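>>> Build me a model from this:
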Amino acid sequence: MSHEVTSASTFRYSAVTFDCPDPAELARFYGEALGLPVAFSTDDFVLLGRNGAAGLGFNRLTDYRRPTWPDPSQGKQAHIELGVDDLDAAQARLLTLGAVRPGFQPDPDRWRVLLDPAGHPFCISTLV
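Coordinates of the predicted model:
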């Protein structure tokens, strides 16, 4: 059986969406950390981004369960990597915005693992 394609569709990366208990709070954290404005907002969903660029979305999930990284009992669900110029300064700023630094750090001289306000692990690195 042959499937004839009459027109080609172009795909582009537009956003990644994180499940969370409070979309406004998580959007505030990432918006301040990355300097991204709110592009769209409802009570249950917030999208950060600029016109023509990929964004970050935050979706309310009523029965959201925080990741327990590095304990695998509740998987990390998503993982974002942020490139920074200075690990110590970036970590300090993110902690003041509401991030948490877990005790386990796989390679703290090369990258740092932090947890956002909803518990999602993310990394900061000078390697990106």
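>>> Give the closest residue to the most centrally placed residue in the chain in space, chain neighbours not counted.
With distances taken as CA atoms, centre = their mean, residue 80 lies nearest the centre of the chain, 5.1 Å away. Take residue 80 and drop its neighbours on the chain: the residue closest to it by CB to CB, 6 or more residues apart in numbering is residue 122, 4.5 Å away. Bear in mind the C-beta positions are built from the backbone N, C-alpha and C, glycine included.
>>> May I ask which helix or strand of this protein has the lowest mean pLDDT?
Lowest on mean pLDDT, DSSP states H and E among the helices and strands of the chain sits strand 80-83, with a mean of 90.
>>> Bridged to residue 111, which residues?
Residue 111 has the following beta-bridge partners by DSSP bridges: residue 125.
>>> Equivalent analysis for the one 10 residues further on, please.
With beta bridges defined as DSSP bridges, residue 121 has these partners: residue 115.
>>> Enumerate every residue touching it.
67, 69, 76, 79, 102, 113-115 (CB atoms under 8 Å, 6 or more residues apart in numbering).
>>> Max pairwise distance over those residues: which two?
The largest separation in these, counting by CB to CB, is between 79 and 102 at 13.3 Å.
>>> Which positions in the helix or strand hosting residue 24 come out as buried?
Using DSSP states H and E, residue 24 sits within helix 23-34. Neighbour-count burial for helix 23-34, counted by 16 or more other CB atoms under 10 Å, picks out 23-24, 26-31, 33.
>>> What of stretch 54-61?
Buried residues in stretch 54-61 (16+ other CB under 10 Å): 55-58, 60.
>>> Let me have those residues in JSON lines, adding secondary structure as columns.
Below are these laid out as JSON lines (DSSP: H, G, I helix; E, B strand; the rest coil):
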{"residue": "55", "secondary structure": "strand"}
{"residue": "56", "secondary structure": "strand"}
{"residue": "57", "secondary structure": "strand"}
{"residue": "58", "secondary structure": "strand"}
{"residue": "60", "secondary structure": "strand"}
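>>> Tell me the one among these nearest to residue 42.
residue 60 (9.0 Å).
>>> Break this protein into its domains for me.
Following automatic domain parsing, one gets these domains for the chain: 13-64, 66-128.
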